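Undergrad: Quick one, structure for this:
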Amino acid sequence: MFAALKSLVTRADASFPYELGAQQPAVDLSIWDLYKGVSKADRSEVSIFAVDLKSPPERVEAARYAVKRLRSLRHPCMLRFRDSTETDTHIYLVTDPVVPLLTFLQDEGSKLGISWGIYQMAKAISFLVDSSLVHGNVCISSVYVDPADEWKLGGVEFMTSDKEASPVTLKPPEKYRPPEAAKPGQGTHPWSQDMWGLGCLMWEAYNGVLSRPEQLKAMGKMPKTLVPHYVVLVSANPKSRPKPSEFIADGRTKGKYFDDPFIDTCLFLDELAVKDKDDKIAFFQTLPDKIDSFPKSFSCYKILPQLLNAFHFGGAGSAIIAPLLKVGKLLSPEKYQQDIVPIVVKLFSSTDRMTRISLLQKLDQYIDYLSNEVVTNDIFPHVTNGFADTVPAMREHTLKSMLQLAPKLSEVVIDTQLLRCLAKLQMDEQPGIRTNTTICLGKLASCLSPATRDKVLIAAFLRATKDPFVHARVAGLTALNATLQYFSVIDCATRVLPGASPLTIDPDSSVREQALNLIRNTAARLEKAHKGEDVTVATKSEANAEKAFASASWLSWANSTISAAVKIGRTTGEAGKPTENPATTAAATSSASASAEAAHATGKDSAGAAKKPEAARPAKAAVDHEETSDYEDAAEPLPTHAPADTGDADWSKDGWGADDNDDDDNDSYQPLEPAKK
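TA: Purely as a prediction, here's the structure:
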């Protein structure tokens, strides 16, 4: 075979703009030899049909006629003509890449598309009828399948027309001739012969190649919904065979063979350009759930091009994101970079909030396909706009996305841009966002350089411990606990412990529990240093912080869905000064301070331990909390000026200032000497 192929290529005209490839399996009763090929111009794949001029004259004559006919036929369901040439040795016909239907049906996954294929063949016959043409050889050997699993009608060498007689003397196979062919003069319709052929094609699609006409009487493996249509098509009376358009309309009625979700999807895709915007959006929203049941090739070569066209020319917007990413999973990495990544980058530049939120929500579906360079240069600059968005949901989704984007950013971008945004977000007016900012920073600790961790983490987490929102304080303490391995013993002794100690008498038991847990772990670390054990500050990316956060049940971005938000019992007066809010004074007394008052009355805290004298507690203004179901009525913004007890720290600037216990004389502490043995 390879010797014959080499000879064929050698004899081909050098001006022929296509390269012949491997030969496809032979198609029974076809006059053509089918080869794979590629265009010399753009390397696109094609199919090349060839007939040797040494073949019988009637076969060569039929090949020339087929080239002439196919050149003039343009229809989505017909084999698409690209080029042709005749050399001294062969006739070449070039079409879009296809495989014979018989070869295609050998794959079990092709069964889903049979109904759509038969529908397409009925449409092709309807087109020929409207063009006053009779195909004359509708059967399995005349049908081919393209990469999108779409059936194409070829084999036009036996086609006839009312306007001109066919010069072809070759006759179609005997087994496909309708009964009336043996009865000249019997009344028929122009479509009778081709509709008989369509019935034969139905039988072959489910049962294999037809050997003799008598087999048509047995239904075989045909589905029950197809049987009524099939029986009419193979009727001995040619007058009873329906017109193709009527056959299609009847099959599309409810409960019939063409009433199929797969056909519905295909038809909608074919008519996408003329559909209303609302219909397109509704279709794209339901499409992701259907893709799993579709053949892979159909999704990649049929659905994907339509989605790309809808994005570039149809104004589909964010509606195509979900199906686009679903199809993208089926693509090769190279194809994904070529087709999907440019659209993702372009969508991130959109000013539509729903588009940007949808992209951020589905970030885990495509982040692995994005290079560090694309994230840093093309995506992150647009994402950062969400940190300052006026809509809380936009800020929250932007914050959550950092867990996946930050590992692809350089240390310079993290230090100069990301941390500045997080510092501002930690003073957000929404308590849930402030809490999640602390969580995010704790999970990103391993992405920070050692110098940045020393400068930022403790200051940021201690700021969270002063938040009026309970969960924010718990987040600050848990973050300190989870990242303890990154802190030196000096920082543990002079910053972490002093910052955690006041929270051991917090009104909320969950805060007290986390504070005590942090103190125990910090003390254990200091004790190791005292004994001379290794307490080296972690410098490599470690999973300890991530595991610590994952182990806490509330640390799952739950604050955005907390049913009871917090309302501070104060309002802001002129010049940003807090003033008492009489409307919330009673609620403050009965809710946020309830546990403290109960402890005072019983002499014990909420855990049952003896309560310390009130004088021993640090002087601190009471913070009033009130549960409410309205998330918009969240805690008032944290002050944009540094509290009086923070020294020189300035929270209004980008970045974190020094924490409460970060005194200038801390530098005088020296590392502990190893314990003497």
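
Undergrad: okay, CA-based contacts and neighbour counts for the rest of this
TA: Will do.

Undergrad: Pull up the gap between Ser293 and Ser350, please.
TA: 32 Å (C-alpha to C-alpha, to the nearest Å).

Undergrad: which of these two has more neighbours?
TA: Ser350 (14 against 11; other C-alpha atoms under 10 Å).

Undergrad: Leu359 is in contact with the more buried one, correct?
TA: No: Ser350 lies out of contact with Leu359 (C-alpha atoms under 8 Å); the separation is 10.6 Å.

Undergrad: Next one, pLDDT for the residue positioned nearest the centre of the chain please.
TA: The centroid of the chain falls nearest to Leu325 when counting by C-alpha atoms, centre = their mean (2.5 Å). pLDDT recorded at Leu325 is 94.

Undergrad: Pull the number of nearby residues for Glu271.
TA: Glu271 - counted by other C-alpha under 10 Å - has 9 other residues nearby.

Undergrad: same question but for Ser72, I mixed them up
TA: With other C-alpha under 10 Å as criterion, Ser72 counts 10.

Undergrad: again with the one 3 residues further on
TA: Neighbourhood size, His75 [other C-alpha under 10 Å]: 14.

Undergrad: ditto for the one 3 residues further on
TA: Applying other C-alpha under 10 Å, we find 24 other residues in the vicinity of Met78.

Undergrad: distance of it from Ala482?
TA: 65 Å.

Undergrad: ditto for Leu201
TA: Leu201 is 68 Å from Ala482, by C-alpha to C-alpha.

Undergrad: buried sites along stretch 228-240?
TA: Residues of stretch 228-240 classed as buried by neighbour count (16 or more other C-alpha atoms under 10 Å): 229-230, 232-234, 237-238.

Undergrad: secondary structure class for Pro190?
TA: coil (DSSP: H, G, I helix; E, B strand; the rest coil).

Undergrad: pLDDT weak spots in the stretch 201-350 of the chain?
TA: 315 (pLDDT under 70).

Undergrad: Show me the helices in it, by range?
TA: Per DSSP state H, counting those that start in this stretch, the stretch 201-350 of the chain carries helices over the ranges 227-233, 244-251, 261-270, 277-291, 296-298, 304-313, 321-328, 333-339, 341-348.

Undergrad: Quick check: which of those helices is buried the most?
TA: helix 321-328 (a mean of 22; mean count of other C-alpha atoms under 10 Å).

Undergrad: quick revisit: make CSV out of the buried residues of stretch 228-240 and add distance to His397.
TA: Converted to CSV, the buried residues of stretch 228-240 look like this (distance: C-alpha to C-alpha, whole Å):
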residue, distance to His397
His229, 54
Tyr230, 55
Val232, 59
Leu233, 58
Val234, 61
Asn237, 67
Pro238, 66
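
Undergrad: Tell me where this structure is predicted with low confidence.
TA: 1-14, 108-110, 185, 315, 535-677.

Undergrad: What are the boundaries of the strands in it?
TA: Taking DSSP state E to define them, one finds strands in the chain at 18-23, 33-39, 45-52, 81-86, 90-95, 99-100, 133-134, 143-145, 151-153, 160-161, 565-566, 570-572, 578-580, 627-628.

Undergrad: can you list the residues that contact the third one?
TA: Strand 45-52 is touched from outside by 20, 31-39, 60, 63, 89-98, with contacts defined as C-alpha atoms under 8 Å, 6 or more residues apart in numbering.

Undergrad: 6 Å instead?
TA: 32-38, 90-97 (C-alpha atoms under 6 Å, 6 or more residues apart in numbering).

Undergrad: What of the fifth one?
TA: When contacts are defined by C-alpha under 6 Å, 6+ apart, strand 90-95 is touched by residues 46-53, 80-85.

Undergrad: ok, now with 10 Å
TA: Residues from elsewhere that reach strand 90-95, judged by C-alpha atoms under 10 Å, 6 or more residues apart in numbering: 8, 11-13, 16, 18, 32-39, 45-55, 60, 63-64, 66-67, 70-71, 79-86.

Undergrad: ditto for the fourth one
TA: The set of residues external to strand 81-86 that reach it, using C-alpha under 10 Å, 6+ apart, is 12-13, 15-18, 46-53, 64, 67-74, 91-96, 154.

Undergrad: from the middle of its chain, how far away would that strand be?
TA: Put simply, strand 81-86 sits 40 Å off its chain's centre (C-alpha atoms, centre = their mean, to the nearest Å).

Undergrad: in its sheet, what does it sit against?
TA: strand 90-95 (antiparallel) (DSSP bridges).

Undergrad: So which bits of the partner strand are buried?
TA: Going by neighbour count (16+ other C-alpha under 10 Å), the buried part of strand 90-95 is 90-95.

Undergrad: Of all pairs in those, which one is the farthest apart?
TA: The distance between the two most remote of these (C-alpha to C-alpha) is 16.1 Å, for His90 and Thr95.

Undergrad: how many other residues sit next to the nearest residue to Lys256 once chain neighbours are set aside?
TA: Leaving aside its chain neighbours, Lys256 sits nearest to Thr225 (5.8 Å; criterion: C-alpha to C-alpha, 6 or more residues apart in numbering). Neighbourhood size, Thr225 [other C-alpha under 10 Å]: 14.

Undergrad: how near is Thr225 to Gly255?
TA: Taking C-alpha to C-alpha, one finds Thr225 at 8 Å from Gly255.

Undergrad: With Lys171 instead?
TA: Distance check for Lys171 against Gly255: by C-alpha to C-alpha, it reads 39 Å.

Undergrad: what do you get for Tyr336?
TA: With distances taken as C-alpha to C-alpha, Tyr336 is found 39 Å from Gly255.

Undergrad: can you check Gly317 too?
TA: Taken as C-alpha to C-alpha, the span from Gly317 to Gly255 is 35 Å.

Undergrad: Nothing else from me, thank you.
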